[in-house]
Every structure is written in structure tokens, then in C-alpha cells.
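K.L.:
Sequence below, structure please.
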Amino acid sequence: MNNPTRWRTPVLTQVILILMEYINLEPRFYSSEVVALALASYLSGLSSWRTCLPHSTLLYYLRRLSCVRYVVPVSGFYAVDETKIMVIRGSIIMCGL
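P.N.:
A predicted model of the protein is given here:
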């Protein structure tokens, strides 16, 4: 049987690491790789109690990454979910993870 989360977790880990670097999120007590792997595992369906981080720490970083607001450059081609876009004073803002 083909397991879709087998390849999803490493790719999602890399995406989370890039996002953490982009928004300057640096964990204090854990490495960025450990936090990203725990978040990717949780988002792929693993229980929050079974990740390599404490439950409250995992939920803290999930909350920090879930409401990211940043400006997206308009030039070029992008695959964008239109439900997550806001226009404020002429600037395009993407919300959420």
C-alpha cells in the first residue's frame, strides 16, 4: 500500500524551515530542524503528544506560524489559494500557512 505521508513530511519540513527563516523565527531551546520536523509530523497526522517536542511547545510554534502576514511580490507566476489573500491599501497580503 502506498503511504502518502512518507514523502509529505520531508517536503513539508523543508517548507516550514524556509518559512521560519523568512519570518526570522528562531527557537530558543530547540533547533529549527527539530521544530520543523515536529510541526511537519503533526500536520501530517501524528498526534501532538507523540512528536519530539512537548505538547505546549508544539502548539506555540504552530500558532506562531499559522498567522504569518507578509507581502508577496506581484511579478512572476505563483500558485496561490485565493481564499487566503487580502488586499490592504493596495498591498497584497497572504494570510495563514
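
K.L.:
Can you mark which positions in the longest helix seen in the chain are buried?
P.N.:
If you go by DSSP state H, the chain has its longest helix at helix 5-22. Neighbour-count burial for helix 5-22, with 16 or more other Cβ atoms under 10 Å as criterion, is recorded at T9, L12, T13, I16, L17, L19, M20. (Glycine included, C-beta is placed from N, CA and C.)

K.L.:
The fourth one and Y42 touch, don't they?
P.N.:
So that's I16. No. Applying Cβ atoms under 8 Å, one finds I16 not in contact with Y42, separated by 10.5 Å.

K.L.:
Can you get me a residue count around S47?
P.N.:
Using other Cβ atoms under 10 Å, S47 has 9 other residues around it.

K.L.:
I misspoke; the intended subject was L53.
P.N.:
When neighbours are counted by other Cβ under 10 Å, L53 registers 21.

K.L.:
how close does it get to L46?
P.N.:
Counting by Cβ to Cβ, to the nearest Å, the separation of L53 from L46 is 11 Å.

K.L.:
I18 now?
P.N.:
Separation of I18 from L46 (Cβ to Cβ): 21 Å.

K.L.:
I'd guessed L43 sits against L12; true?
P.N.:
Yes. Counting by Cβ under 8 Å, L43 touches L12, with 6.2 Å between them.
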